[in-house]
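Visitor: What would the 3D arrangement of this be:
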Amino acid sequence: MKRSERLFNIGIPVLAIGIIALLIVKFALNKKPGDFSIKDIGSITVLDLKGNKVNLEDLLDGQRGTYGLLFELTNCNTCIVKGLADLYQLEKSGESCLAIVIHDRPEEVAGWSQFQEFSSFYILKKIDFFNHFQSALLPVFFKIKDGKVTMFRFITP
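Guide: Numbers count the residues shown, from 1 in each chain. Model prediction:
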């Protein structure tokens, strides 16, 4: 085997490994979770557990802000429990809190919510979620003050 062939046979795999490592670092490890925002908060209606319509803006504390958890029942169960535990602790300390479940059937959410310590659940129809919310991941823990999202974090396992 000639020296140039051996260099070629070693160089190509080393170069390929370097490119793969660069792609992993660039796209997999440095992945930012995205953004979370709410459009036209004044026009969003949610349902209480009995199916009655409520304006989301009426549920928010304009002075101190309101903490919330937005999720679907099909999200990671551990993540939902973590978020609800955070809300429960904040609610015990006197903060305004609510949990918004993205679902089209209030009776299912009402049945599920009976087994939770936290109790301020509201239902958001899926179409309203797609029209008013931008979220890279669910569940998301957030704070709204003066009609704007001031803080958010995605809950992951």
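
Visitor: Quick check: closest non-adjacent residue to residue 46.
Guide: residue 122 (4.1 Å; C-beta to C-beta, 6 or more residues apart in numbering). Bear in mind the C-beta positions are built from the backbone N, C-alpha and C, glycine included.

Visitor: again with residue 55
Guide: Nearest residue to residue 55, sequence neighbours excluded (C-beta to C-beta, 6+ apart): residue 45, at 5.8 Å.

Visitor: Quick check: that neighbour vs residue 123, distance?
Guide: For residue 45, the distance to residue 123 equals 10 Å [C-beta to C-beta, to the nearest Å].

Visitor: Over to residue 111. Which of the three states is it?
Guide: helix (DSSP: H, G, I helix; E, B strand; the rest coil).

Visitor: Using the record's assignment, carve the protein into domains.
Guide: Domain ranges of the chain: 1-31, 36-154, per automatic domain parsing.

Visitor: Return the most buried member of those domains.
Guide: For those, average neighbour numbers computed from mean count of other C-beta atoms under 10 Å are highest in domain 36-154, which has a mean of 16.

Visitor: I'd like the distance from that one to the chain centre, please.
Guide: Relative to its parent chain, domain 36-154 has a centroid offset of 10 Å by C-alpha atoms, centre = their mean, to the nearest Å.

Visitor: For whichever strand or helix holds residue 23, give the mean pLDDT please.
Guide: Taking DSSP states H and E as the criterion, residue 23 maps to helix 3-23. Per-residue pLDDT values over helix 3-23 give a mean of 77.

Visitor: Output the contacting helices and strands for the next helix-or-strand element following it.
Guide: Following helix 3-23 in sequence order, the next helix or strand is strand 36-38 (DSSP H and E). If you count contacts as 3 or more C-beta pairs under 8 Å, 6 or more residues apart in numbering; DSSP states H and E, strand 36-38 packs onto strand 133-135, strand 140-145, strand 148-154.

Visitor: Now tell me what touches the last one from outside.
Guide: Think strand 148-154. Applying C-beta atoms under 8 Å, 6 or more residues apart in numbering, the contact partners of strand 148-154 are 33-34, 36-38, 65, 136-144.

Visitor: Need the residue closest to the centroid of this structure.
Guide: Centroid-nearest residue in the chain: residue 140, 2.3 Å away (criterion: C-alpha atoms, centre = their mean).
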